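Asks: coordinates only, sequence not included:
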């Protein structure tokens, strides 16, 4: 096994780390819409922190190792259209992810504030389409990235 | 390097395999996390979430991953070689053992969840979450093998 094989293995592991976080958040988004009490939503928010490191480390490693692989490869270049498309999609994914994270972090803070009438607001935010739409947009971008990585259009 | 210049005809099979594997690993991470966080939970909210994730996400995605694996294996004509490369062998071993462990986790979790309604079953639910955690570790090895392709 040479350097390229190791870099590819960790690039793949980083992509799986992002995917794992997306599945975790998907389950929480779906489950969150069915919650009926504030206590239940607080329990859900205790599961969510695992996704942060998974997606953070995954995003960093997948980009760095992806660029390293393109530089190291004799077959591909960093300026190949599918590599540039992947970098653009990565940036788009990061931005939509940031907005999704901000929406649910605000909901979590509201749930933990415990003030009067908070339960209705928290449940309404979890059932509102805004957060879910952002999340599903991110899942769609990730699928596009996966298609780009596998089919390598223009390569 | 060979993986990066594979023929286009393999790509759809590979997409099915990778998408299934990604969903499977994500479902296992989610189920294990929800179960472990729920160990100290008085209600069964997280245990139920963990079990439903295993049943409705991990099990179907395992089937998709395995169909994709067999399809890719056939498309790459690995079935026509005298013996499997080491990385394929690692994948098959982990996948086969993974199926047994996943079914075991589902059975233990299902019984545990049923017993939790009458105040018991916590040991079975913990066993189910431990199995899910072991499966995550095993699939990390499988992902490494699929990427690095050790000989």
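Replies: Nice, I can see it. As the structure is a prediction and not an experimental result, all values here were calculated from the model.
Asks: The residue lying closest to residue A:6 once chain neighbours are set aside: what's it in contact with?
Replies: Leaving aside its chain neighbours, residue A:6 sits nearest to residue B:148 (6.1 Å; criterion: Cβ to Cβ, 6 or more residues apart in numbering or on different chains). The C-beta positions use only the backbone N, C-alpha and C, and glycine is treated the same way. Contact partners of residue B:148, counting by Cβ atoms under 8 Å, 6 or more residues apart in numbering or on different chains, are A:1, A:5, A:6, A:8, A:9, B:87.
Asks: element containing the third one, please.
Replies: So that's residue A:6. If you go by DSSP states H and E, residue A:6 is part of helix A:3-32.
Asks: who's in contact with the next helix or strand after that helix?
Replies: Later in the chain than helix A:3-32, the nearest helix or strand by DSSP H and E is helix A:38-47. Residues outside helix A:38-47 that contact it (Cβ under 8 Å, 6+ apart) are A:24, A:28, A:31-32, A:35, A:108, A:111-112, A:114, A:118-119, A:122-123, A:126, B:30, B:33-34, B:37-38, B:41, B:43, B:45-46, B:49.
Asks: Contact residues of chain A facing chain B?
Replies: A:1, A:4-6, A:8-13, A:15-16, A:19-24, A:26-27, A:31, A:39-40, A:43-44, A:46-47, A:50, A:54, A:73-76, A:143, A:146-147, A:150-152 (Cβ under 8 Å from any Cβ of the partner chain).
Asks: mind running it again at 7 Å?
Replies: A:1, A:4-6, A:8-9, A:12-13, A:16, A:19-20, A:22-24, A:27, A:31, A:40, A:43, A:46-47, A:50, A:73, A:75-76, A:146, A:150-151 (Cβ under 7 Å from any Cβ of the partner chain).
Asks: Buried ones from these, can you make that a PyMOL selection?
Replies: Here is the PyMOL command that selects the buried residues among the residues of chain A next to chain B (16 or more other Cβ atoms under 10 Å in any protein chain shown):
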select buried, chain A and resi 4+5+8+9+12+13+16+19+20+22+23+24+27+31+40+43+46+47+50+73+76+146+150
